[in-house]
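Engineer: Need a 3D model of the following:
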Amino acid sequence: MVSQRERRADPYPSTREIPAAVFAGSLLALVLGVQLGRGLANLAAGAGWAWPVPTLLFSSAIGVLQGDAGAGLDHVAPLASPDALIAWVFAVELIAMAAYLALIWLCLHRWGPNRTLGVASVDEARRLLGRQRLYTAQRVIRPDIYGGKVRP
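Structural biologist: Below is the predicted model of the structure:
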């Protein structure tokens, strides 16, 4: 049996722009997660919210990962302890990566190579047929879920 993927012709060559954009987006999400974790750690320590200037965004992330809560910031005191800093950064990065993986799954499900082609979405079917017609035809549409014998 021939799959949908084998029947479809892709006239565009495989290029590296999309993987490069995904890599750059991932790197930016990691760096912003480090800075957000540092900001929350300092806020919890009583130093208030502080964000580095844009030119020090990437270079100060290395200092933050080494435990310096004041890397790339102007005078901020009292700073978070290194243990609290790493815990906050780890928690923020964990949440960011979970959200990033969910986004990747949604994109692949919607636009990926194994998506189902030519099938109406739930909203399209509801708009075209109406709720009442879908409800009355549910045994015909999905006999595996709603059961019952279908009469010809």
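Engineer: Identify each buried residue in stretch 72-81, please.
Structural biologist: 72, 73, 79, 80 (16 or more other C-beta atoms under 10 Å). In short, each C-beta sits where N, CA and C put it, glycine included.
Engineer: what does stretch 43-63 give?
Structural biologist: Under the neighbour-count criterion of 16+ other C-beta under 10 Å, stretch 43-63 has 45, 47, 50, 52, 57, 60, 61, 63 buried.
Engineer: can you redo those as CSV with secondary structure?
Structural biologist: Shown next, in CSV, are these (DSSP: H, G, I helix; E, B strand; the rest coil):
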residue, secondary structure
45, helix
47, coil
50, coil
52, coil
57, helix
60, helix
61, helix
63, helix
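Engineer: Redo those as JSON lines? Include distance to residue 30.
Structural biologist: Output for those, formatted as JSON lines (distance: C-beta to C-beta, whole Å):
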{"residue": "45", "distance to residue 30": "23"}
{"residue": "47", "distance to residue 30": "23"}
{"residue": "50", "distance to residue 30": "20"}
{"residue": "52", "distance to residue 30": "15"}
{"residue": "57", "distance to residue 30": "12"}
{"residue": "60", "distance to residue 30": "14"}
{"residue": "61", "distance to residue 30": "8"}
{"residue": "63", "distance to residue 30": "15"}
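Engineer: Show me the two of the residues you listed that sit farthest apart.
Structural biologist: Distance extremes for the buried residues of stretch 43-63: the farthest pair is 45 and 57 at 21.1 Å, using C-beta to C-beta.
Engineer: Check residue 79 and give its pLDDT.
Structural biologist: On the pLDDT scale, residue 79 is placed at 88.
Engineer: Correction: the previous question concerned residue 119.
Structural biologist: Taking residue 119 on its own, its pLDDT is 78.
Engineer: what's in contact with stretch 120-128?
Structural biologist: residue 134 (C-beta atoms under 8 Å, 6 or more residues apart in numbering).
Engineer: actually stretch 68-75, not the one I wrote
Structural biologist: Against stretch 68-75 from outside (C-beta under 8 Å, 6+ apart): 38, 41-42, 45, 47, 50, 52-53, 56-57, 59-60, 62-64, 76, 79-82, 85.
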